[in-house]
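Sequence first, predicted coordinates after that:
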Amino acid sequence: PDLAAALRELRAQYEALAARNLQAAEDWYRARCARLHERAARSQEAVRASRREAGECRRQLQARLVEMESLRGAHQSLERQLQELEERHNAEAAGLQDTIGQLEDDLRNTKNEMARHLREYQDLLNVKMALDIEIAAYR
């Protein structure tokens, strides 16, 4: 009878110890789960923040790409305008060079004509002087 009572007492102690160990394991498990849930919540928030940031970066990238395409179009337009202006300027410069050449030719021709007229005037003046002298001599 004492052995049965001792076994019951041992059994009760082991069951109490097992219950405490089970309770401790459950407490540890609950604490661990709570920490993991807390970490998961923080991680989910970090993932959401990262997704928001990635979305914002995508929007900014898209805006920059649109802006870049717009600037590229403006640049091409300005390049075309510059090329047209250079072509027009070159055409005007060539026209002005032609005009200058014609004016120089006209000036040379006019100088030659003036020199010829001056020689003719001198010849006529010499003839007049000779005639004046002859008229004076006959008087």
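Received, thanks.

Three-state assignment for residue 89, please.
Following DSSP: H, G, I helix; E, B strand; the rest coil, residue 89 is assigned to helix.

how far does whichever helix or strand residue 134 is part of sit from the chain's center?
Element membership of residue 134, judged by DSSP states H and E, is helix 2-138. How far helix 2-138 lies from its chain's middle: 0 Å, per CA atoms, centre = their mean, to the nearest Å.

Kindly report the same for stretch 127-139.
90 Å.

could you dump that stretch to CSV, C-alpha only?
Provided in CSV are the C-alpha atoms of stretch 127-139 (Å, rounded to 0.1, in the frame of the first residue of the first chain):
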residue,chain,number,x,y,z
VAL,A,127,41.1,120.9,-129.4
LYS,A,128,39.1,123.9,-128.0
MET,A,129,42.3,125.5,-126.7
ALA,A,130,43.9,125.0,-130.0
LEU,A,131,40.9,126.5,-131.8
ASP,A,132,40.8,129.4,-129.3
ILE,A,133,44.4,130.0,-130.0
GLU,A,134,43.8,129.8,-133.8
ILE,A,135,40.8,132.1,-133.5
ALA,A,136,42.8,134.6,-131.4
ALA,A,137,45.6,134.4,-134.0
TYR,A,138,43.2,135.2,-136.9
ARG,A,139,41.7,138.1,-135.0
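
mean confidence score for it?
Here stretch 127-139 scores 94 as its mean pLDDT.

Quick check: buried residues in that stretch?
Along stretch 127-139, no position meets the burial threshold by neighbour count (16 or more other CB atoms under 10 Å). Quick note: C-beta positions are derived from backbone N, CA and C, even for glycine.
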